[in-house]
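# Need a 3D model of the following:
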Amino acid sequence: MKKVMSIIVSILFALSLTGLCFAQAPAEAPKAPEKKVEKKKLTAEEKAAAKKEKAEKAAAAKKEKAEKAAAAKKEKAEKKEAAKKAAAEKKEAAKKAAAEKKEAAKKAAAEKKAAKKEKKEKKSEEAAPAPAK
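Here you go, the predicted structure:
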C-alpha cells in the first residue's frame with residue numbers, strides 16, 4: 001500500500017510541475033480600449049428636414065418609375081404599330097403579286113388563244129382550194 005501511495009504522489013508531483021494536473025485558464029488577451037460613440041441628438045428641425053428629404057427621394061423614385069413604365073408602354077405600342085404596318089405591307093405585296101400573276105396568266109392564255117387561232121387560219125388556208133384563174 002505504501003508503494004502504491006508513493007507512486008500516486010510522485011505522479012501527481014510530476015503532473016503538477018508540468019501543468020497537466022490542474023486546469024489552468026488561458027491568459028486573456030488585452031482588450032482594446034473602448035471608444036465612446038456619442039450619439040448626436042437631432043433637433044426637431046433636423047428631423048423634419050430629414051423626413052422631408054426622404055419624402056422627396058421617394059417621390060422622385062416614384063416619378064422615375066412611372067416615367068420608365070410610360071416609356072416602356074409607349075415603346076410597346078410603337079412596336080405593335082410597326083408590326084401591324086409590316087403585316088399590312090406584306091398583305092398588300094401578296095395581293096399585288098397575286099394580281100400580277102393573274103394578269104400574266106390571262107396574257108399567256110390570250111397569246112395561246114391567238115396562236116391557236118392563227119394556226120387554225122393557216123391550216124384552213126392551206127386546205128382551201130386555190131381560186132382558179
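# so which strand or helix has the spatially most central residue of the chain?
The residue lying closest to the centre of the chain (CA atoms, centre = their mean) is Ala72, at 13.7 Å. When secondary structure is defined using DSSP states H and E, the element that contains Ala72 is helix 44-127.
# taking the mean pLDDT, what do you get for that helix?
Confidence over helix 44-127, taken as the mean pLDDT, stands at 93.
# starting at the chain centroid, how far to it?
Helix 44-127 has its C-alpha centroid displaced from the chain centroid by 25 Å (CA atoms, centre = their mean, to the nearest Å).
# go on, stretch 3-22?
Stretch 3-22 has its C-alpha centroid displaced from the chain centroid by 75 Å (CA atoms, centre = their mean).
# CA atoms of it as CSV?
This file holds the C-alpha atoms of stretch 3-22, laid out as CSV (Å, rounded to 0.1, in the frame of the first residue of the first chain):
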residue,chain,number,x,y,z
LYS,A,3,4.3,1.7,-2.7
VAL,A,4,1.1,2.5,-4.4
MET,A,5,0.7,5.7,-2.4
SER,A,6,4.2,6.8,-3.2
ILE,A,7,3.7,6.1,-6.9
ILE,A,8,0.5,8.2,-6.9
VAL,A,9,2.2,11.0,-5.0
SER,A,10,5.1,11.0,-7.4
ILE,A,11,2.8,11.1,-10.5
LEU,A,12,0.8,14.0,-9.0
PHE,A,13,4.1,15.8,-8.3
ALA,A,14,5.3,15.3,-11.8
LEU,A,15,2.0,16.4,-13.3
SER,A,16,1.8,19.5,-11.2
LEU,A,17,5.2,20.6,-12.3
THR,A,18,4.3,20.2,-16.0
GLY,A,19,1.0,21.9,-15.5
LEU,A,20,-1.1,19.0,-16.7
CYS,A,21,-2.7,18.1,-13.4
PHE,A,22,-4.7,21.2,-12.6
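# how many neighbours does Glu125 have?
Residues lying near Glu125 (other CB atoms under 10 Å) number 9. Where C-beta positions appear, they are placed from N, C-alpha and C, glycine not excepted.
# What separation do you get for it and Lys119?
In this structure, Glu125 and Lys119 are 11 Å apart, going by CB to CB, to the nearest Å.
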